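**Student:** all I have is the shape, not the residue letters:
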């Protein structure tokens, strides 16, 4: 008896190996004053500070580009915009920095404003971008 296997994706929908498009993600790190690495009572604070200080090198090893990062020290929050093939590469990057040991980590796919305007707002308003 012969069985025919159905592919998970039709060939026209299969991602090309040569075309690896990167997405942007916003990574939000939130911690308490008690778990903050600047807190004198924080365990492994030097180790965690060292790893976070090397985040660009760690990200590079995972194929992730750090677009930029921001900190709000008194509010115990950090944000990073990163560019990566997928969320797992982002997860692997931040897992390697051990930030999950002293933060709640949220990873969100995002569009910059120009992409949002072109893909969403212009579609709603019926405007078409004309390039010269």
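**Tutor:** Thanks, I have it. In this text the structure is predicted, and so the values were computed from the model without any measurement.

**Student:** and residue 77, bridged to which residues?
**Tutor:** residue 30, residue 72 (DSSP bridges).

**Student:** name all residues that make contact with it.
**Tutor:** By Cβ atoms under 8 Å, 6 or more residues apart in numbering, the contact set of residue 77 is 28-31, 71. Backbone N, C-alpha and C define where each C-beta goes, glycine included.

**Student:** so where's the chain shaky on pLDDT?
**Tutor:** Applying pLDDT under 70 to the chain flags residues 1-20, 128-132.

**Student:** okay, which residue is most central for it?
**Tutor:** Residue closest to the average C-alpha location in the chain (Cα atoms, centre = their mean): residue 25, at 3.6 Å.

**Student:** contacts for the helix or strand encompassing it?
**Tutor:** Using DSSP states H and E, residue 25 sits in strand 23-30. Strand 23-30 is touched from outside by 67, 76-87, 90, 94, 99, 103-112, with contacts defined as Cβ under 8 Å, 6+ apart.

**Student:** only the buried subset of those residues, as a PyMOL command please.
**Tutor:** Command for PyMOL that selects the buried part of those, burial taken from 16 or more other Cβ atoms under 10 Å:
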select buried, resi 76+78+80+81+82+83+84+90+94+99+103+105+107
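
**Student:** which of the contacts of strand 23-30 fall in helices?
**Tutor:** Counting by DSSP state H, the part of the contacts of strand 23-30 found in helices is 87, 90, 94.

**Student:** so residue 89 sits against residue 63, correct?
**Tutor:** Yes: contact status for residue 89 versus residue 63: in contact at 5.4 Å, counting by Cβ atoms under 8 Å.

**Student:** off-centre distance for the helix or strand harbouring residue 116?
**Tutor:** Secondary structure from DSSP H and E places residue 116 in helix 113-116. With Cα atoms, centre = their mean, to the nearest Å as the basis, helix 113-116 stands 17 Å off its chain's centre.

**Student:** coming back round to it: for the contacts of residue 77, pick the one with the most neighbours.
**Tutor:** Within those, most neighbours by other Cβ atoms under 10 Å means residue 29, with 21 neighbours.
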